[in-house]
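*Asks:* 3D model of this:
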Amino acid sequence: MGSRPLGSMLKSLDALDSHCVQLLGCASFAVLGYIDVDGQARATAAGGVLGFASVVDATHLLLELPEPVPLNPTVGCGLLFFIPGLGETLRVNGRATLQGRTLTFTVEEAFVHCAKALIRSGLWKPPAELAPAAGATGSWAGDPEVRAWLTRTPFVLLMSWDAQGNADVSPKGDPAGFLRLDGTRVAVPDRPGNRRTDTFHNVLEQPRAALLALIPGEARVLEVSGTASLSSEPALLTSMTVEGKVPKLALLLEARSARILASPAILDAGLWDMSRHVPKERLPKMSDVFIDHVRRSPQRGAAAAALRVLASKRMMSWAIDVDYKKNLY
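*Replies:* Sure, this is the predicted structure:
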């Protein structure tokens with residue numbers, strides 16, 4: 001896999017800054033990846049009015065889950081926050097405890113994820129009825145309703161953990177039908193994004209993983225939990241070609257369990273209500289966010305120092321526009 005790219009890691013902070021706080025104030029929905037008391041990888045969602053997650057200080061958050069979950073507090077958790085209408089998401093990793101439905105989250109890492117997964121999936125477009133993709137997605141040995149959901153979803157989140165129990169939640173999106181099914185395995189193609197390869201590094205260290213699949217307009221979610229591996233099998237990757245671009249790698253999730261669940265968080269957040277999208281004037285300019293995070297990153301070394309000197313908000317704004325238009329695949 002190689003080391004994680006320095007440019008991507010420079011966007012990572014070890015605490016919440018003012019940009020993170022502003023984005024949290026505009027967030028209405030989040031997905032939590034956690035390990036349960038039986039040692040199984042799990043995923044759940046939380047949501048509410050804008051700013052439903054309370055910032056206690058630079059390293060602590062409070063939020064209410066729709067219902068208690070069997071969280072194991074000795075293992076790390078990951079949160080991915082959605083700002084309605086914005087392509088970029090906020091990833092926050094750390095540790096958590098739960099009292100009743102109140103989650104107390106200790107922040108160890110925070111960074112803004114690029115918008116490519118949401119752009120490719122069309123997540124914020126008006127919800128449309130998505131028929132199961134015909135033929136191309138393979139067979140599913142489990143519940144037919146689960147198979148139909150997997151063929152209709154344009155967006156999933158992958159939860160993974162490294163050997164030390166540090167968690168990560170990574171967004172993956174494409175037009176519906178992008179997943180490949182084989183028995184009880186789900187294959188997820190790798191596409192351009194932050195290029196941190198967190199999920200892949202984690203899977204190489206230990207295989208516990210979970211997937212949460214969303215369908216715009218649906219008030220339910222699909223949670224798949226199991227063990228993950230990586231594949232560079234040519235036939236599989238070729239079947240995932242989009243715009244002439246073949247992914248270099250795919251994640252295979254062998255399902256231990258798969259269940260479609262009602263999600264009160266989606267209803268509480270009004271996730272698919274376009275009238276509740278956040279006006280642009282309330283949001284920070286994303287090029288400013290990325291540059292400020294590069295400058296505040298705790299990364300050390302001569303290369304990091306050189307990149308900080310060269311970084312400019314004007315150049316970053318241009319690079320983001322070009323990247324989102326030219327490098328979706």
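*Asks:* Count the residues that sit near the residue lying closest to residue 323 once chain neighbours are set aside.
*Replies:* Using Cβ to Cβ, 6 or more residues apart in numbering and skipping residues adjacent in sequence, the residue nearest residue 323 is residue 114, 7.6 Å away. Heads up, the C-betas are built off the backbone N, CA and C, glycines and all. Residues near residue 114, counting by other Cβ atoms under 10 Å, number 23.
*Asks:* Next one: residue 114, what pLDDT does it get?
*Replies:* If you check residue 114, the pLDDT there is 92.
*Asks:* How about the contacts made by it?
*Replies:* Residues in contact with residue 114 (Cβ atoms under 8 Å, 6 or more residues apart in numbering) are 87-88, 193-194, 320, 323-324.
*Asks:* Do a quick rundown of the helices in the stretch 151-300 of the chain.
*Replies:* 198-205, 234-238, 264-269, 286-296 (DSSP state H, counting those that start in this stretch).
*Asks:* Export the contacts of residue 114 as a markdown table, with columns for pLDDT.
*Replies:* As requested, those are exported to a markdown table (pLDDT from 0 to 100):
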| residue | pLDDT |
| --- | --- |
| 87 | 95 |
| 88 | 96 |
| 193 | 79 |
| 194 | 73 |
| 320 | 78 |
| 323 | 85 |
| 324 | 88 |
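*Asks:* Out of these, the closest to residue 18 would be?
*Replies:* Set against residue 18, the nearest of the contacts of residue 114 by Cβ to Cβ is residue 88 (16.0 Å).
*Asks:* My read is that that closest one contacts residue 113, right?
*Replies:* Yes - counting by Cβ atoms under 8 Å, residue 113 is a contact partner of residue 88 at 6.3 Å.
*Asks:* Name the spans of this protein whose pLDDT lies under the cut-off.
*Replies:* Applying pLDDT under 70 to the chain flags residues 1, 4-10, 129-136, 297, 299-313, 315-316.
*Asks:* Grab the longest helix from it for me.
*Replies:* Scanning the chain for the helix with the most residues, using DSSP state H, yields helix 313-326.
*Asks:* check contacts around residue 62.
*Replies:* In this structure, residue 62 makes contact with 53-54, 56, 102-105, judged by Cβ under 8 Å, 6+ apart.
*Asks:* now do residue 271
*Replies:* Going by Cβ under 8 Å, 6+ apart, the list of residues near residue 271 reads 28-29, 47, 82, 84, 265.
*Asks:* Kindly report the same for residue 70.
*Replies:* 36-38, 42.
*Asks:* ok, back up a step: determine which two of the contacts of residue 271 are furthest apart.
*Replies:* Once Cβ to Cβ is applied, these give 84 and 265 as the farthest pair, at 13.0 Å.
*Asks:* For those two, indicate the residue with more neighbours.
*Replies:* Ranked by neighbour count (other Cβ under 10 Å), residue 84 and residue 265 place residue 265 first, with 25 against 21.
*Asks:* What's the local residue count around the residue nearest to residue 226 when sequence neighbours are not counted?
*Replies:* Closest residue to residue 226 apart from its sequence neighbours, by Cβ to Cβ, 6+ apart: residue 256 at 4.1 Å. Residue 256 has 14 neighbours, counted by other Cβ under 10 Å.
*Asks:* picking that back up, now, which of the contacts of residue 62 sits nearest residue 65?
*Replies:* Proximity of the contacts of residue 62 to residue 65 was ranked by Cβ to Cβ; the top entry is residue 103 with 5.8 Å.
*Asks:* That closest one falls within a helix, correct?
*Replies:* No - if the criterion is DSSP: H, G, I helix; E, B strand; the rest coil, then residue 103 is strand and not within a helix.
*Asks:* Just to check, it is in contact with residue 67?
*Replies:* No - Residue 103 lies out of contact with residue 67 (Cβ under 8 Å); the separation is 11.6 Å.
*Asks:* Between the two, point out the one with more neighbours.
*Replies:* Neighbours per residue (other Cβ under 10 Å) separate residue 103 from residue 67, with residue 103 holding more: 25 against 10.
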